[in-house]
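S.K.: Next one to model:
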Amino acid sequence: MLSDRRQRVLAALIEEYVARALPVGSRTLTERYQLGVSPATVRNELSVLEDGGYIAQPHTSAGRIPTDHGYRAFVDNLLQTDLAGDDDRYSPVVDQLRRSASELDALLEQTSSALTRLTDCLSIVIAPSVLNLHIKQLSLISLSSMRALVVLVTEDGQVFNRQMEFAEEVSGDDLAHVQHFLSDVFTGKSLQEIEDGLGQGMVEAFRDPLVRMALDEVLSCLQESEQSRAHRLGVSSLLSQPEFSQSQALLPVMQVLEDDTVLLQIMDEASRQAAGVPSVRIGSENDAAALSGVSVVASRYGRGESAGVVAVVGPTRMDYSKVIRAVRIASSALEDV
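M.R.: Presented below is the predicted three-dimensional model:
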C-alpha cells in the first residue's frame with residue numbers, strides 16, 4: 001500500500017507521461033507539480049517507487065516511466081474515489097445521442113463515435129445478443145411478384161431486414177397469409193425459442209414451401225446480425241498515438257480484436273464488475289498476448305442475457321480518468337435501450 005505522498009508522486013508522473021509520452025525526471029515533477037516536498041524528497045520517492053516496480057527507468061540517464069503495476073495502483077486509487085462528480089458535464093452528450101438516434105443500430109454507432117471523440121482511442125460497442133431478444137414485429141413487404149423484404153423489429157428497438165427472391169411469382173395475398181402466420185408464431189418469442197422448436201403447429205405449417213422459405217430468411221437475418229454485433233471506430237485515433245505511429249505495431253491488436261472469443265472475454269470481465277464500475281485491464285493483465293501493449297476499459301449495459309458492452313482500447317499510456325468517465329457515460333446512455 002503506497003503512502004499518500006507516494007501516490008501523489010506516482011499520479012504526477014503518470015499525468016506527465018500521459019501528456020508527453022516522454023520519460024519523466026524529478027526536476028520536471030518538482031517544477032510542474034505542487035507536490036509540497038523538496039526535490040531531494042521527490043528523488044527519494046521515485047527510487048522507492050522504482051524498487052517497488054511501480055515505475056521503470058528505460059535508459060540509465062533517462063527519467064522514469066510507469067509500469068503496468070504502477071498504472072494498476074493509480075487506477076485502483078482512482079476507482080476508489082468518486083468519479084461521478086464530473087459526469088454531469090457529459091450529460092449533454094448523452095442527451096444528444098438519445099435524441100438523434102431513433103434506432104438502436106444508429107445509437108450504437110453514434111455512441112462508438114462519441115467515445116472515440118472523447119477518448120482519442122479505439123471504441124467498441126457490442127450490441128446485445130439477438131438470440132435472447134423477443135421479436136416485437138415481423139413484416140413481409142412485397143417489392144414485386146418475384147421479390148419481398150423481410151423486416152424484423154426486436155423488443156429493444158433493433159431493426160433487421162433482408163431481401164428474399166422467389167423462383168415463381170407470389171401474389172400479395174399469399175405473402176400476407178405467410179406474414180400473418182409467422183407473426184402469430186414469432187411475435188413474443190426469441191430466436192433461441194424458435195430454433196428449439198417451440199410453438200404449437202410450427203412443424204406442420206412449415207411444410208409449406210413459401211412458409212419454409214420465409215422462415216429460413218428470418219433465421220438467416222437474425223443469425224447474420226448476431227455475427228456483426230460489434231461497432232468499432234477510432235483506428236485512426238490509435239495510429240496518431242506515438243506507440244502506434246507505425247501501422248504494423250497496431251495490426252496484431254486489430255487482428256485479435258476481430259476474434260469473437262476475445263470480445264466475449266471482455267464482455268465476461270465487464271459483467272463481473274459492480275454496477276457503474278468499468279473493468280480495467282492494463283497491458284500484461286490482458287489474456288491475449290497481442291493486447292499486452294494496450295489497456296481495455298469496459299462496462300456492461302442492459303440487463304440479463306441480452307446485455308451489451310461498451311469498451312475503449314488504447315495505449316497503456318491512456319488518460320484513465322477521462323476514459324473511465326467516458327465509458328461510464330456511454331454505458332449510461334445505452335442502459336435503457
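S.K.: element containing residue 124?
M.R.: Under the criterion of DSSP states H and E, residue 124 resides in strand 122-126.
S.K.: any residues touching that strand, and which ones?
M.R.: With CB atoms under 8 Å, 6 or more residues apart in numbering as the test, strand 122-126 has contacts from 108-109, 111-113, 115-116, 229-235, 237-238, 257, 263, 266-267, 308-314, 330, 334. Placement of C-beta: from N, CA and C, glycine included.
S.K.: Same question for stretch 248-261.
M.R.: So stretch 248-261 is contacted by 122, 124, 232, 235, 238-239, 243-244, 262-263, 288, 290-291, 293-294, 313 (CB under 8 Å, 6+ apart).
S.K.: Kindly export it (C-alpha atoms) in PDB.
M.R.: Provided in PDB are the C-alpha atoms of stretch 248-261 (Å, rounded to 0.1, in the frame of the first residue of the first chain):
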ATOM      1  CA  GLN A 248       2.400  -2.600 -38.200                       C
ATOM      2  CA  ALA A 249       2.500  -2.100 -34.400                       C
ATOM      3  CA  LEU A 250      -1.300  -1.800 -34.400                       C
ATOM      4  CA  LEU A 251      -2.000  -4.700 -36.800                       C
ATOM      5  CA  PRO A 252      -1.700  -7.500 -34.100                       C
ATOM      6  CA  VAL A 253      -4.100  -5.600 -31.800                       C
ATOM      7  CA  MET A 254      -6.700  -5.200 -34.500                       C
ATOM      8  CA  GLN A 255      -6.400  -8.800 -35.600                       C
ATOM      9  CA  VAL A 256      -7.100 -10.100 -32.100                       C
ATOM     10  CA  LEU A 257     -10.000  -7.700 -31.600                       C
ATOM     11  CA  GLU A 258     -11.700  -9.300 -34.600                       C
ATOM     12  CA  ASP A 259     -11.800 -12.500 -32.700                       C
ATOM     13  CA  ASP A 260     -15.200 -13.100 -31.100                       C
ATOM     14  CA  THR A 261     -13.600 -15.100 -28.300                       C
END
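S.K.: Quick check: buried residues in it?
M.R.: Residues 250, 253-254, 256-257 are the ones in stretch 248-261 that count as buried (16 or more other CB atoms under 10 Å).
S.K.: now, among these, which is nearest to residue 298?
M.R.: residue 257 (12.0 Å; CB to CB).
S.K.: Phi and psi next, for the closest one.
M.R.: Main-chain dihedrals, residue 257, degrees, to the nearest 10: phi -80, psi -10.
S.K.: For the chain, just list every one of the helices.
M.R.: For the chain, the helices defined by DSSP state H cover 4-20, 26-32, 39-51, 68-80, 91-100, 104-119, 172-186, 191-195, 202-205, 209-227, 235-239, 247-257, 260-271, 320-334.
S.K.: for the third one, packing partners?
M.R.: Same thing as helix 39-51. Using 3 or more CB pairs under 8 Å, 6 or more residues apart in numbering; DSSP states H and E, the elements in contact with helix 39-51 are helix 4-20, helix 26-32, strand 55-56.
S.K.: can you rerun that using 6 Å?
M.R.: Contact partners of helix 39-51 among helices and strands, from 3 or more CB pairs under 6 Å, 6 or more residues apart in numbering; DSSP states H and E: helix 4-20, helix 26-32.
S.K.: circling back: worst average pLDDT in the helices of the chain?
M.R.: Lowest mean pLDDT within those: helix 202-205, at a mean of 56.
S.K.: now the strand holding residue 124 and helix 320-334, what's the angle there?
M.R.: 30 degrees (axes from the mean of the first three to the mean of the last three CA atoms, to 10 degrees).
S.K.: Strand 122-126 pairs with which strands, parallel or anti?
M.R.: strand 230-233 (antiparallel), strand 308-315 (antiparallel) (DSSP bridges).
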